[in-house]
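Asks: Please find the sequence and the predicted model below.
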Amino acid sequence: MIQVLIADDHPVVRQGLRTFLDLQDDITVVGEAGDGAEAVALVEKLRPDVLLLDLKMPVLDGLGALERLNGGPTRVLVLTSVSDRSDVGPAMRAGAAGFLYKDVDPNALVQAVRAVHGGQVLLAQEAASAMLTAEAPPVPLTDREREVLRLIAAGRSNKEIARDLSVAEKTVKTHVSNVLMKLGVQDRTQAALYAVRHGLG
């Protein structure tokens, strides 16, 4: 069972999410939080697999909660209103595993919970485009690093990149680390978004 904690300051939203998620055979809602501080405390107490997190909350907002939880075992799926697209980048950098808007189709939300629990990173289309439009100066990458970045953007694993470039997987890992460091991003998804934004994909 995928254990989910819901953090939202609107009781109606929490109730609606709980009712729908509890109908799923493989998902159970283990708790609800009305603000960010409560969300952090409940995550530490209940150790849920996935936290559904609203960003606009009292006491401690969603970004503050994300920063406190970053690096923990719970995967965080941001579920917020469409109004502020500038939140996407900070939320993903703070450790969110996914970013969806509240107008998402309920079945798509269930799939997102499963995907995030399974280790994937998931962005709503509008969230992805919001990240892509964030201006960033091009970064000096070597030709090989550009090649690795292009393959990351194409969804290739380290093993596949190693095969494509006829190098050892260990070499690819080094290139990937260098690319992430130079781009100032935390993971392959953000690197792929950067590649697309700058026409490197």
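Replies: Yes, it's here.

Asks: buried stuff in the helix or strand that Arg68 is a member of?
Replies: Using DSSP states H and E, Arg68 sits within helix 62-69. Neighbour-count burial for helix 62-69, counted by 16 or more other C-beta atoms under 10 Å, picks out Gly62, Leu63, Gly64, Ala65, Leu66, Glu67, Arg68, Leu69. C-beta: built from backbone N, CA, C; applies to glycine.

Asks: Restricting to C-alpha, output it in PDB.
Replies: Extracted in PDB, the C-alpha atoms of helix 62-69 (Å, rounded to 0.1, in the frame of the first residue of the first chain):
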ATOM      1  CA  GLY A  62       4.800  24.600   1.300                       C
ATOM      2  CA  LEU A  63       8.300  25.700   0.300                       C
ATOM      3  CA  GLY A  64       9.400  26.000   3.900                       C
ATOM      4  CA  ALA A  65       8.000  22.500   4.600                       C
ATOM      5  CA  LEU A  66       9.800  21.100   1.500                       C
ATOM      6  CA  GLU A  67      13.100  22.600   2.600                       C
ATOM      7  CA  ARG A  68      12.800  20.900   6.100                       C
ATOM      8  CA  LEU A  69      11.900  17.600   4.500                       C
END
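
Asks: Sheet partners, orientation included, of the very next helix or strand once past it?
Replies: Downstream of helix 62-69, the next assigned helix or strand under DSSP H and E is strand 75-80. The sheet places strand 75-80 alongside strand 50-53 (parallel), strand 98-101 (parallel), with pairing taken from DSSP bridges.

Asks: so which of the ones you listed is the most packed in?
Replies: The highest mean neighbour count among these, using mean count of other C-beta atoms under 10 Å, belongs to strand 50-53: a mean of 28.

Asks: Mind giving me the packing neighbours of the helix holding Arg68?
Replies: helix 36-46, strand 50-53, strand 75-80, helix 88-93 (3 or more C-beta pairs under 8 Å, 6 or more residues apart in numbering; DSSP states H and E).

Asks: tell me the average confidence for the second one?
Replies: The reference is to strand 50-53. For strand 50-53, the mean pLDDT works out to 97.

Asks: Please apply the same query to the longest one.
Replies: Per-region confidence: helix 36-46 scores 97 on mean pLDDT.
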